[in-house]
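S.K.: predicted model and sequence below, questions to follow.
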Amino acid sequence: MVSSVSFLLGSHLTLLFSCNTTDFTWATGEEAYRTTVLRMERGLKQEQNSGEEKRQDGVFPVGRKHVIVYGVPRTATTLLFNMVAVSNFLYFMHSKPQIIPHIESKYVKSEIDFESLIHQPADGPIRICKTHLRLDKFARDDFVVFSTAMDKTDAAAIKASLEEQGHDVAYVQDMETLKKEGIPRIAHDFALGYGLPNEDEKKLVDFFSLWEILRQCCGQQMSRKWRNDLTPEIYRRPTRSGFVEKDHPFCADYRIDEIENAFRETELYSLLEDYPNMRLFNKPSTRDKELNGTYCSSYNERVKTENLNFFGQPQFNENIRLGDWTEEEHILFLEGMKIFGTDRYKKIAEMVKTRTQMQIYWHMKEYLNNITIRHVEE
């Protein structure tokens, strides 16, 4: 029997997809199916009668609403933001290409940005915004919301909460489904939502399958685990379970320049390059420079040699000492261990000041091993 996975799509619709087929049914069960189809038919007739724009080519309210992408950090919000923006781009390529040069994309990161967005006029260019700020104070009926969630249960709760606040929710992406089914699944969802042809769905898969690798393995906003792997050992961050030689599951296995060049050769990359306002989606993050075929390997080498942080700044500390520990350092180490425990390396390092997290880790290991040996001897 083929297993199925559900996800949230549209303000009142739930899609049920088979894991190995593109066939789908609205909602679950025959009665729910009939009810939903009748609701959609009534909605289309009402829109035809009132002269409003129809959703005949997709289930997302595209073409007549601005977009805000919302999610807490570390829930693939940037992936969703880029997928929305690029799918919008493909939609307008087919329908109203003259709109594309005027599309505005923005990261809303402060309350001031939010206030400015709230008071912008409804007419004007299409705006696609990303934010990690709560939307309970953001109420505009000319915006549609795309959101992220950790799992399907969380997705249902977020969707219900946003709709209770009065938002038009188009889609909730959950990490559980994303990890299980990957880029092909979300590309299919968006091709359906935007009414895109099969060849556009393939473009999305080709483009984002490579972008996802670059996002994790290249540039300023690379995976924290991969940055840790690249960082000079003395500055490396031990994991809660201790030091591991390879923290990231796959970045070390890629020839990153080959991935970068394959990404630059995708059809969608070329299409986006023709529009200056869309080129930001042709990079791992908006903080990064333009890709040139060797940008990723060059940046990764700088992380190795300069210990670059999240903002691309070198983090070598002239106060860090090498060699034997002083009595003062050891006393501070013991005080930190007493306060924070034996696995809070960063907190203890901040207390000692002249040793890195990795140095704290190895000193902790040696200290605890010595205590164990003395205990056994006694």
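M.R.: Alright, I've got the coordinates. Just so you know, these numbers come straight off a predicted model, no measurement behind them.
S.K.: CA only for contacts and neighbour counts going forward, please
M.R.: Will do.
S.K.: domain ranges for this protein?
M.R.: 197-313, 327-377 (automatic domain parsing).
S.K.: ok, which stretches of the stretch 101-250 of the chain are strands?
M.R.: 104-108, 127-131, 143-149, 168-174 (DSSP state E, counting those that start in this stretch).
S.K.: check which residues of stretch 95-102 are buried.
M.R.: Ile100 (16 or more other C-alpha atoms under 10 Å).
S.K.: so how far is it from its chain's centroid?
M.R.: 26 Å (C-alpha atoms, centre = their mean, to the nearest Å).
S.K.: what sits up against it?
M.R.: For stretch 95-102, the external contacting residues (C-alpha atoms under 8 Å, 6 or more residues apart in numbering) are Phe89, Phe92, Met93, Pro125, Ile126, Tyr275, Pro276, Asn277.
S.K.: which of the residues you listed sits closest to Gln221?
M.R.: Asn277 (20.8 Å; C-alpha to C-alpha).
S.K.: what's the nearest residue to that closest one if we skip its chain neighbours?
M.R.: In this structure, Asn277 finds its nearest non-sequential neighbour in Pro101, 6.5 Å apart by C-alpha to C-alpha, 6 or more residues apart in numbering.
S.K.: okay, now the unreliable bits of this structure?
M.R.: 1-58, 62-64, 239-246, 373-378 (pLDDT under 70).
S.K.: find the centremost residue of it, please.
M.R.: Centroid-nearest residue in the chain, with C-alpha atoms, centre = their mean: Ala76, separated by 2.3 Å.
S.K.: just the buried ones from the contacts of stretch 95-102?
M.R.: Phe89, Phe92, Ile126.
S.K.: so which bits of whichever strand or helix holds the second one are buried?
M.R.: When secondary structure is defined using DSSP states H and E, the element that contains Phe92 is helix 77-94. Along helix 77-94, these residues count as buried under the neighbour rule (16+ other C-alpha under 10 Å): 77-92.
S.K.: quick check, nearest of those to Asp113?
M.R.: Phe81 (17.2 Å).
S.K.: residues in contact with the closest one?
M.R.: Per C-alpha under 8 Å, 6+ apart, neighbours of Phe81: Val69, Cys129, Lys130.
S.K.: how much space between Lys137 and Gly312?
M.R.: Distance of Lys137 to Gly312, given as C-alpha to C-alpha, to the nearest Å: 33 Å.
S.K.: higher neighbour count, these two?
M.R.: Gly312 (17 against 11; other C-alpha atoms under 10 Å).
S.K.: what distance do you get for that one to Thr294?
M.R.: 17 Å.
S.K.: likewise for Met83?
M.R.: Distance from Met83 to Thr294, by C-alpha to C-alpha: 25 Å.
S.K.: just Phe89 next, same as before
M.R.: Distance from Phe89 to Thr294, by C-alpha to C-alpha: 27 Å.
S.K.: cool, Cys129 as well?
M.R.: Counting by C-alpha to C-alpha, the gap from Cys129 to Thr294 is 30 Å.
S.K.: out of these two, which sits in the more crowded spot?
M.R.: More crowded of Cys129 and Thr294, by other C-alpha under 10 Å: Cys129, with 22 against 13.
S.K.: bridging residues for the more buried one?
M.R.: Cys129 forms beta bridges with Ile68, Lys106, as assigned by DSSP bridges.
S.K.: so it makes contact with Asp113?
M.R.: No. Cys129 is not in contact with Asp113 according to C-alpha atoms under 8 Å; the separation is 10.5 Å.
S.K.: tell me, how many residues neighbour Asp229?
M.R.: 21.
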